[in-house]
Each structure stands twice: as C-alpha cells, then as structure tokens.
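>>> Sequence and predicted structure below; questions after.
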Amino acid sequence: MFDGISTQLLMGQVLIGLINGSFYAMLSMGLVIIFGMMHVINFTHGAQYMLGAFVAWLLLNHLGIGYWPALVIAPVLVAITGMILERFLLRPLAGLDHLYSLLATYAVALIVEGLVRYQYGSTGLPYQNPIPGGVNLGFMFMPYYRLWVVVFSVVTCIGTWILIEHTKLGSYLRAANEKPQLVQTFGINVPKMMTLTYGFGVGLAGLCGVLAAPIYQVSPSMGSSLMIVVFAVVVIGGMGSIIGAVATGYMLGVVEGLTKVFYPEAASVVIFLFMTVALYLRPAGIFSGKEQN
Amino acid sequence: MVRLLLIAAAIALLAVAPFQFYSVTLMTIMCFVVFACSFNLLLGYSGLLCFGHAMFFGGAAYVTGYLLKSTPLSIELAILAGAAASGLLGLFIGLLTIRRQGIQFAMITLAFSQFIYFILLQAPFTGGEDGMQAIPRSPLFGLFDVADNGTYYYVVAAITLISVFVYYRVVHSPYGEILKAVRDNQPRVESLGFDPERIKLLAFVISATMAGVAGGMKATVYQFATLTDASWPISAEVILMTLLGGLGTLLGPIFGAGIIIWLNDYLAGFGEWALISQGVILLVVIVFFRRGFVGELSALATFLASRRKGEAKADAPGQARAH
C-alpha cells in the first residue's frame, strides 16, 4: 500500500494535517464551549477567527506592533467585541428558539465579512513569519513556526480542558449549564458568566486567527471556508464534548492530510464522508458517552 | 368567492407582468418563490431548519441540465426528473438526519450540503468551476418551442402556480395539521399514535422535491447550472427570504423571494453591499419583526379588526387583546 509513496510526502502531509487539525481543534473547542453553556451555535465564529488575523495584520501594519504582543492583544480585542455582541444581541434572544440566535450570529458574520471585504478587498494580505527557519528532521524539513503552532494549540487545548473540567470556575460553568436558576440562588451571576464564556470562546477564535495569519493569507473569506469543516468536526465529535471536539479536530486534520497522499481527489469530501458514516454508526457523536436521546 | 377573485387577480397580474418588468428577473423571482415555499414548508410548518437546502436546489439544476444536454427528454420531464433526484437525495439525507433536532439538524444538513457541493465540483459531468453551460430548452411536451424568454415566462409561471398550489394543499391538509402538531408538541403527537419521524421525513422529502423543481426551473431559465446554486450562501438566502416574508405563512415566501431578488438586482452594482444589507435585514427581522412581512401585516390587520369590534362592543367582558 505504501509502494510509490515516499516517507517524505507522507510525513509532510501528516504534518500539514496536524497543523490544519490544530485549527479545527481550537475552533471547534470554542464552539463547543459556547454551545455547552449558552446553546448558541456561533455562526460568527469564522468571522471572529478572521477578525483575529485582521487585527494582528492591522496592528503590525499601522502601529508596528509585532506578532508576539498581537498574540495577546488581538484575541482580547476580539473577545471584547464578542462580549458586546452577547450582551446586546444574544441575551435578548436567549429565551426564544435557539434557531434565532443561530441566524442572528450568521447575520453578524455576513455583515462583518462584508465590511472587511469592502474595506480591504478579497485578496489575501501577507503576514510576515515571526519564526523563520526550520529544522531538518532527516526525512523532512520542519519549519519552526508550524512546530510552534502545533505545540501551542495542544497546550491551549489541554489548558482549556483543565480549566473547564478540573477547576472551581469550570464546575460553576457546568453547574450553571445544568441548572441556571439554582446556581443563581447560590449568588453566582449566571448572565455575567455567560458573557464571559462567550468572550472566552470568541477569544479562542481570535487567537486562532493570529496563529493562522503567518501560515495562510489574511483574507475576509478565511473564516467562512473553514467554518463548515469545523461544524462537521463538532457534529462528529458530539455537540457537548470538549475532548470530542479537540480529538476529532486533530484526527480529521490528519485524515484529510493522508487522503491527500493516497487519493487526492477525495481530500475535500473525506471529512463529510467520515461524518456520514459516523452519524450512521453513532448518531450522537463518536465521543458522546450517552446514546441519542 | 373572494378567494376565487383574488386568485383570478393574481393570475391576471402574472399574465401582464412581463409587459412591465424584465421577464428574466420575474422568472428568477418565481424560481425562488418555489424554493422559498419548499423551505417554509420545512421550517415554518415542521420546525426543521435545514441549513443546506441549496443542495436540493443546485443538485436538481445539474440533473435537469445534464438530462437536457445529453438526452432528448422534453423540458418538463427534465425538470420533473431533477425534482425526483432531489427527492431521492432528500430521502437519503432525511433518513440519516431526521432524528436530530434544532441546531444539530441545521449543522448536519449544512455539512451534507457541503458534501454535495464538493461532489458537484468534482464530478465529471458538471464542468467543475465553470458550471454546466449551454443547456438547451427542448420543446415543451416535445411540441411547443420555448426558446424565447417571453414564451418561456408563461411556462415558468404555470409551474410556479402549480407548485404554490401543491404547497397550499399540503399545508392545509390533515397531514399539514399533524405536521404543525409535531412542530409544536412532538411527544403529544407520538402519544396519539403517530410516528413523528416518518411525518417529518415525508415533509423533508416533499420539501426537497419542491426545491428540486425550483432548481431545475432555474437551470432552464438561465440555461446554465453553476456551483453557486448549490453553495451554502444560497441556503442562507432562502432562509432570509422565508423569515423576511413570514415563517409559516402562505404568502410569506412570495413576498420574501420578491423583495430579496429585487434587492439583489438593485444592489448588484454596489459590490459588497448586497451581502451587508442581507445581513442587516436578517438581523432586523430576527430582533424586531420575527413574524416577517406577511406575519406582521396580518397581525396588524387582526389588531385593527379587533379594535373596531372592540369599539362596537365596548362593554363586552373579557375582551381578548390581539397581539
């Protein structure tokens, strides 16, 4: 089966898969966190990811602020806009059918993407690689920056998982998700927690955007093209599970990379093919413990 | 009687419209009216938000176009075949997804539509990025020449009328009532001995078939099928049309499709503003006018009527306030 396929090509695609998977994992984790707490499918997520990259680009080109400060500043800025959005748009819609918040976030995504495209055109803008160079692993050349992205995203995912599953704050979050009224009576401000949760999830998207800027071009459509894959990841992983989202994200990134080696024509559909099979076998998602209700 | 007069007026309006407006624009609007009706049947009457309805629309456009290009099938049969193909696709996808509800359903259908999009992008007969071009308009029933837009307009109008009538019949049948009951209270319908999943699946298949009629029709109007028709912005556009017109109303899709297509035409020269304005309209509708254009109008009419009645019987106890 491996005849005619060099290790170099194989490892190269696995690495590209892991990098794409890092973005899938981080973005779907943000989506799952927001969904778990607020039952909102955040269609703005792609636009917020794109905003992260754009803010980094603007900081560099207009204020001379480089990559490392931008890695902190851009996600915070995006998170702030997210919290404003939550407070003034999503909260008034919270009591209605969840479909309305889904469509509202979609509408915001349309507006944001349209405005950015209006201002900067639809061509990609380059962002300088902050860690040039790489290391020769013998079988392939590994750019430092890509290594950094993979390591950073693994650390972020583990950190977030620990934050939510193993800290007091996380237990409040999970409790508020189950019984908001009860948690409120313990003196915890549930609406504020929701705003912060949304801000956190959106901040993760912004962070992803800054990470992506040096690899992919900074363009208005960078989010919307990625988002559908991320939605598929969330569906496959099971809508409520952080581990499911992260593991499925990396897994599908690698599956996609490997498909490019063995059967390039199928690379763009393999994730959806995977989803169809997964849905058929485990309708509630492959990482969900419980059966479909 | 009033209803008959209204229908006659609508038909008369349809008949004279091309003398006043550009017939291709009118035909586009009608294609989207059928498409929006199919979508409203799903979201408005069964509560299923399909975020990938473009796969039925665009898929049927390709099937219809392919049949017209490579077989001697007459135009109405080709459109029907396209619709049947969409119905089959709907059956397959419905079987896999109908048990999921709300947002999960939305996301899964979105992912499936992307799947179909990539298949259409890569399949050998679709022409890839360029789309399928030069689709002939073979004679209607094998007899009547419809190559001219002016003639074809009346064919499209007839198909649209039939489709809207089918939509009306489905919604106002006993089946339509059960569909609404499933939307409002699924466990109760189940306890009455119905199988809600089968009821919803049937709605999904009918809706997919109708979307297929719309897609096939659009392929014959423009004489090409493009990937855009199967892409997810089109799915979102039909959601916008339905919400803007009024969810779960009969006339809503007609107004919604008309307004959006007209707006797209009008804003076509302003670049990104078409997209931005769609977002703004969607946002305004969701936040302020959730009943949509027709819904708000009929609510206003009910309110005015009840107030007039209220003045007549001012002393009537327990007067219900229209809201």
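Ah, there it is. Numbers count the residues shown, from 1 in each chain, chains lettered A, B, ... in the order given.
>>> For chain A, what's the nearest residue on the stretch 151-300 of chain B?
Nearest to chain A in the stretch 151-300 of chain B, going by Cβ to the nearest Cβ, is B:Gly279, at a distance of 3.2 Å. Yep, even glycine has a C-beta here, placed from its N, CA and C like the rest.
>>> which residues of chain A fall in helices?
A:7-38, A:45-62, A:67-85, A:91-93, A:98-120, A:144-166, A:168-178, A:180-185, A:190-212, A:222-237, A:242-262, A:270-281 (DSSP state H).
>>> Just tell me which of those helices ends up closest to B:Asp195.
Closest approach to B:Asp195 among these is made by helix A:270-281 (20.1 Å; Cβ to Cβ).
>>> Point out the residues in the stretch 201-323 of chain B that sit beside chain A.
When proximity is defined as Cβ under 8 Å from any Cβ of the partner chain, the stretch 201-323 of chain B approaches chain A at B:232, B:236, B:239, B:243, B:271-273, B:275-276, B:278-280, B:282-283, B:286-287, B:290.
>>> Which of the residues you listed fall within helices?
Those of these mapping onto helices are B:232, B:236, B:239, B:243, B:273, B:275-276, B:278-280, B:282-283, B:286-287, per DSSP H.
>>> which ones are touching the residue of the stretch 101-250 of chain B found nearest chain A?
Scanning the stretch 101-250 of chain B for the residue nearest chain A gives B:Phe115, at 3.5 Å (criterion: Cβ to the nearest Cβ). Shown in contact with B:Phe115 (Cβ atoms under 8 Å, 6 or more residues apart in numbering or on different chains): A:269, A:272-273, A:275-276.
>>> As CSV, these with neighbour count and pLDDT would be great.
Below are those laid out as CSV (neighbours: other Cβ atoms under 10 Å in any protein chain shown; pLDDT from 0 to 100):
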residue, neighbour count, pLDDT
A:Val269, 21, 82
A:Phe272, 22, 83
A:Leu273, 14, 84
A:Met275, 25, 81
A:Thr276, 21, 79
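>>> Between those, which sits nearest chain B?
A:Phe272 (3.5 Å).
>>> Go ahead and confirm the closest one touches A:Ala232.
Yes. Using Cβ atoms under 8 Å, A:Phe272 makes contact with A:Ala232 at a distance of 6.1 Å.
>>> so where's chain B shaky on pLDDT?
For chain B, applying pLDDT under 70 flags the ranges B:142, B:311-323.
>>> any chance you could map the helices in it?
All helices of chain B, identified by DSSP H, fall at B:2-20, B:23-46, B:54-70, B:75-97, B:102-122, B:149-171, B:174-184, B:186-191, B:196-222, B:232-245, B:252-267, B:273-288, B:292-312.
>>> before we move on, back to that, format the contacts of B:Phe115 as TSV; extra columns: distance to chain B.
Listed next are the contacts of B:Phe115 as TSV, based on distance: Cβ to the nearest Cβ, whole Å:
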residue	distance to chain B
A:Val269	5
A:Phe272	4
A:Leu273	7
A:Met275	6
A:Thr276	7
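>>> Pull out the buried members of the ones in helices among the residues of the stretch 201-323 of chain B next to chain A.
Listed as buried from these are B:232, B:236, B:239, B:243, B:273, B:275-276, B:278-280, B:282-283, B:286; burial here means 16 or more other Cβ atoms under 10 Å in any protein chain shown.
>>> so what's in contact with A:Phe272 and A:Ala232 at the same time?
Common contacts of A:Phe272 and A:Ala232 (Cβ under 8 Å, 6+ apart): B:111, B:114.
>>> surely A:Ile65 meets A:Val72?
No. Applying Cβ under 8 Å as the test, A:Ile65 and A:Val72 come out as separate, 10.2 Å apart.
>>> between these two, which one's more packed in?
Comparing A:Ile65 with A:Val72 by other Cβ atoms under 10 Å in any protein chain shown, the one with more neighbours is A:Ile65, at 16 against 11.
>>> who's in contact with the spatially closest residue to that one that is not a sequence neighbour?
Nearest non-adjacent residue to A:Ile65, counting by Cβ to Cβ, 6 or more residues apart in numbering or on different chains: A:Leu59, 4.0 Å away. Contacts for A:Leu59 were tallied using Cβ under 8 Å, 6+ apart; they are A:65, A:69-70, A:73-74.
>>> which one of those residues has the most neighbours?
A:Ala74 (27 neighbours).
>>> how about it, what does it touch?
Per Cβ under 8 Å, 6+ apart, neighbours of A:Ala74: A:52-53, A:55-56, A:59, A:206-207, A:209-210.
>>> Now the two most distant members of those residues.
Maximum pairwise distance in the contacts of A:Ala74, criterion Cβ to Cβ, is 13.9 Å, between A:Leu59 and A:Leu207.
>>> can you count the residues close to A:Phe231?
25.
>>> Tell me the predicted confidence for it.
In this model, A:Phe231 is scored at 86, pLDDT.
>>> Excluding chain neighbours, what is closest to it?
B:Met107 (4.8 Å).
>>> my guess is that neighbour meets A:Val235, correct?
Yes. Here B:Met107 reaches A:Val235: they are 5.4 Å apart, a contact under Cβ under 8 Å.
>>> okay, the two: which has more neighbours?
When neighbours are counted by other Cβ under 10 Å, B:Met107 comes out ahead of the other of B:Met107 and A:Val235, with 26 against 23.
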